[in-house]
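Visitor: please find the sequence and the predicted model below.
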Amino acid sequence: MKKKQNTNILLLPFLFIYKLIRYFFLGVKFVFFDAFYNIISYYVNKRKFNKLNNTNTPTITNDTNNNIPEEKAPKILSFNERQQINYEKQELIKEMQKEINTHKVSKDYYIYYGTKDGVKIKGTMYAKNKVTLHNFLANEGINVYQIKKAYFLNFFKKLGLSGEHELSIKDLIFWLTQVSTYLKSGVTLNDTIKIMMHTSLKDPKKYKLYQSISYELTIGENFSTALKNQGKVFPPLLVNMLRTAEATGDLVKTLDDLSNYYTEIDKTRKEMISAIIYPAILLIFAIVVLTFIMVFVIPEFIKVYNQAGITVGGFTLTIINISKYITSHLNFLIIILLIIILLLLFLYKNVAFFRKGIQIIGMRCPFFGKIIIYHEITLFTKTFASLLRNSVYITDSMEILLNITNNEVYKDLIIETMSNIARGEKISLSFYNKWYVPDVAYYMLVTGESTGELALMMEKVANYYNDLHKSRITNLKSFLEPIMIVILACIVGIIILAVVIPMFSLYSQIR
């Protein structure tokens, strides 16, 4: 009996290794197979369901977001409906006549009701007054019979909660390319926006955006003003460069330049994201592995020690106590960790002083800090060069650069530069002897100011540091992978060794 018990104890390490491998592959299967399989199955089934639902219900639906029905079909209105529409239309004409007499202009959100091809339509638009809105919708073939203010939307607009979101860089690049292509083919700007509006019926947000731009152009606004009136949708850089292009008459070239600019910025942004994500994934993986060992592996050794009556101490006892604490308080620790992460994210997003401190720490890191500095210098110089090439005023350029960067250190630099410009001093004075401004960038800036080729120098600086940025990211990936693996292996090895060493005393007792 004793011999059988000793044999079972000898088999326990092998049983532990078997369970470790089994749990590991079960985890890998869940993460890389089950999770992705369930996600893919969900979207496939959802698409099939939507397709089946669309084919089985061929009914006419009014899309209040698109302001245009998905399917149009003649519909005979009843006598009472026609009478009501005529009455409301007469009332609308009286209201519009009052606006004309009083010269009333108050840009607000309006809800309009109308008919088109026998189908009732309801929609919302941001307009100067009822007259201009009625005329615009009439040109679109909509017979409007009622327009009234959208009080809730106007209230949220005053509170700054209008729901306007900046276009993603991907959508912005596509939009710039589309507009440039239509203009090159000889289509007028207003017709270009109308074509884009009618080809985006399936996307409510884009349809409403293009409809609003088309309205602005119809009432006589410039293209840049029409884009600016969309709130946060279009970046200030684009609006200011288009305003300059309208003055010089070089709109198509500016659109192409902006498309190329945002394409390069998107590449740099993706490289920066990859530089951050890669070490973050490795760190999360290391934490998961260590947690797995503490929660599942160490308790197996504790059972062995209890069965064999082994007394442990020193570092092994510390590891065992940590494992017991993590196992018994795992839910509490996860909640605390989530609260800390959310608190840090909140402070980083809303507190400028805290955000600046984190950014300085990141920029001071021995290897990773250079990546942040090169990214910011590339973004600054590339944008500055584009603004200078398009004859945007220096003061306007600095305000645009201030809105583009999220780095508080470089925001302070730009504010200092604006102060120096107001005093009639050179731009380069703000960049002198700053630890976050590389010497090459400073001397190229000085050279550009002295030769009058500032835009050219800034473009060369952008290309130079963009190449350095790419090189650093490549080196970071090559450097971090073996380092993280070695660190993880050392930590795991030390923990495993600490709990395996007492097993040797068990072997000596068996012998």
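Guide: Nice, thanks for sending it over.
Visitor: from now on I want contacts and neighbour counts done on CA atoms only, so please keep to that.
Guide: Fine.
Visitor: now tell me what touches the helix or strand containing Ile361 from outside.
Guide: In the assignment (DSSP states H and E), Ile361 maps to helix 352-364. Contact with helix 352-364 is made by 347-349, 368-370, 372-373, 407-409, 436, as judged by C-alpha atoms under 8 Å, 6 or more residues apart in numbering.
Visitor: now stretch 397-414
Guide: Against stretch 397-414 from outside (C-alpha under 8 Å, 6+ apart): 236-237, 352, 355-356, 359-360, 376, 379-380, 383-384, 387-388, 415, 417-418, 430-431.
Visitor: and it, what's buried?
Guide: For stretch 397-414, the neighbour count (16 or more other C-alpha atoms under 10 Å) marks 397-402, 404, 406-411, 413-414 as buried.
Visitor: start to end distance for that stretch?
Guide: Criterion C-alpha to C-alpha, to the nearest Å; first-to-last residue distance in stretch 397-414 is 10 Å.
Visitor: which of the buried residues of stretch 397-414 fall in helices?
Guide: 397-402, 404, 408-411, 413-414 (DSSP state H).
Visitor: and the least confident of the residues you listed?
Guide: Checking pLDDT across these, the minimum falls on Ile404 at 79.
Visitor: would you mind confirming that Leu290 is in contact with Gly493?
Guide: No. Using C-alpha atoms under 8 Å as the test, Leu290 is too far from Gly493 to be in contact (10.8 Å).
Visitor: when these two are compared, which one has more neighbours?
Guide: Comparing Leu290 with Gly493 by other C-alpha atoms under 10 Å, the one with more neighbours is Leu290, at 17 against 11.
Visitor: what mean pLDDT does whichever strand or helix holds the more buried one get?
Guide: Leu290 belongs to helix 251-292 when assigned by DSSP H and E. For helix 251-292, mean pLDDT is 81.
Visitor: please name every helix or strand in contact with it.
Guide: Judged by 3 or more C-alpha pairs under 8 Å, 6 or more residues apart in numbering; DSSP states H and E, helix 251-292 is in contact with helix 169-184, helix 236-248, helix 368-389, helix 454-510.
Visitor: spatially central residue in the protein, please.
Guide: With distances taken as C-alpha atoms, centre = their mean, Ser168 lies nearest the centre of the chain, 7.3 Å away.
Visitor: what is the burial count for Glu271?
Guide: Each residue near Glu271 was counted by other C-alpha under 10 Å, and the total is 18.
Visitor: check Ala138 too.
Guide: Ala138 has 13 nearby residues by other C-alpha under 10 Å.
Visitor: and the host helix or strand of it, how far out from the chain middle?
Guide: Assigned by DSSP H and E, Ala138 belongs to helix 130-139. Computed by C-alpha atoms, centre = their mean, to the nearest Å, the chain-centroid distance of helix 130-139 equals 36 Å.
Visitor: go on, stretch 356-370?
Guide: 22 Å.
Visitor: how about the CA coordinates for that stretch, as PDB?
Guide: C-alpha atoms of stretch 356-370 as PDB (Å, rounded to 0.1, in the frame of the first residue of the first chain):
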ATOM      1  CA  LYS A 356       1.200  65.800 -20.200                       C
ATOM      2  CA  GLY A 357       2.900  63.900 -17.400                       C
ATOM      3  CA  ILE A 358       2.200  60.500 -19.000                       C
ATOM      4  CA  GLN A 359       3.400  61.800 -22.400                       C
ATOM      5  CA  ILE A 360       6.600  63.200 -20.900                       C
ATOM      6  CA  ILE A 361       7.300  59.800 -19.200                       C
ATOM      7  CA  GLY A 362       6.700  58.000 -22.500                       C
ATOM      8  CA  MET A 363       8.900  60.400 -24.500                       C
ATOM      9  CA  ARG A 364      11.700  60.000 -21.900                       C
ATOM     10  CA  CYS A 365      11.700  56.200 -22.300                       C
ATOM     11  CA  PRO A 366      15.100  55.100 -23.700                       C
ATOM     12  CA  PHE A 367      13.900  53.400 -26.900                       C
ATOM     13  CA  PHE A 368      10.200  53.900 -27.200                       C
ATOM     14  CA  GLY A 369      10.400  57.700 -26.500                       C
ATOM     15  CA  LYS A 370      12.100  58.300 -29.900                       C
END
